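**Student:** starting from these lines, generate the structure:
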Amino acid sequence: MSRQVFLYDPPERFVAGTVGLPGRRTFFLQASASGRVTSVALEKAQVAALAERIDELLDEVVRRTGGNAPVPSIAPADSADTAPLDAPVEEEFRVGTMALAWDGEEQRLIVEAQALVELDVESEEDLAEAEERMLQDEENGPPMLRVRLTGSQARSFAKRALDVVNAGRPPCPLCSLPLDPEGHVCPRQNGYRRGA
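**Tutor:** Below is the predicted model:
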């Protein structure tokens, strides 16, 4: 079976968003252009890591080009996207591996999100070899979302993604674990239940 690549070059919209209530949210990356929409599910930690790495990569691009790259130092206020995900949100796949790259010729950030694949291997060495083969297989690999963003689009994506991650349940002031609306069993208070 040939690899399915969902390519957005450029997307009209590329955002991180959620479906569900805090504590039970499902996180998605969603790209859209020309009437088509692709949504892929991933973990909250993956969204946070992606946003942080995008900011770090863009900062490095600015540093290496001496500020000549078309990359703003912060997300432009006029490009803030606070709209919900486009409905219906239909998961194409769950993300396993993500990659980032900067295309210096086109001045674009490339984001790749590849489907989660379970590998049946015997040892760590076999696992590393199987992962490398899978990543190099452009023709028969797992499904992939590939998005090419301008510096401004990338900064805006990163800001929104971090905002989405931080919009969950507030942390307990004592133990930093998330507070549930029904209350919280705090390990620092030896199990005493406390309302939110």
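
**Student:** what's the spacing between the biggest strand by length in the chain and its chain's center?
**Tutor:** When the chain is parsed with DSSP state E, its longest strand is strand 91-103. Taking CA atoms, centre = their mean, to the nearest Å, one finds strand 91-103 lying 8 Å from the centre of the chain it belongs to.

**Student:** mind listing what's buried in it?
**Tutor:** 92, 93, 95, 96, 97, 98, 102 (16 or more other CB atoms under 10 Å). For every residue, glycine as well, the C-beta is placed using N, CA and C.

**Student:** distance of residue 62 from residue 95?
**Tutor:** Here residue 62 is placed at a distance of 27 Å from residue 95 (CB to CB, to the nearest Å).

**Student:** then the helix ranked longest in the chain to CSV, C-alphas only?
**Tutor:** Counting by DSSP state H, the longest helix found in the chain is helix 44-64. Extracted C-alpha coordinates of helix 44-64, given in CSV (Å, rounded to 0.1, in the frame of the first residue of the first chain):
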residue,chain,number,x,y,z
LYS,A,44,-0.9,17.1,24.8
ALA,A,45,2.8,16.7,25.4
GLN,A,46,3.4,16.4,21.7
VAL,A,47,1.5,19.7,21.0
ALA,A,48,3.6,21.4,23.7
ALA,A,49,6.9,20.0,22.4
LEU,A,50,6.0,20.9,18.8
ALA,A,51,5.2,24.5,19.7
GLU,A,52,8.4,24.9,21.8
ARG,A,53,10.6,23.4,19.1
ILE,A,54,9.0,25.6,16.4
ASP,A,55,9.8,28.7,18.4
GLU,A,56,13.4,27.4,19.1
LEU,A,57,13.9,26.6,15.4
LEU,A,58,12.6,30.0,14.3
ASP,A,59,14.8,31.8,16.9
GLU,A,60,17.8,29.9,15.5
VAL,A,61,16.9,30.9,11.9
VAL,A,62,16.7,34.6,12.9
ARG,A,63,20.0,34.3,14.7
ARG,A,64,21.8,32.5,11.8
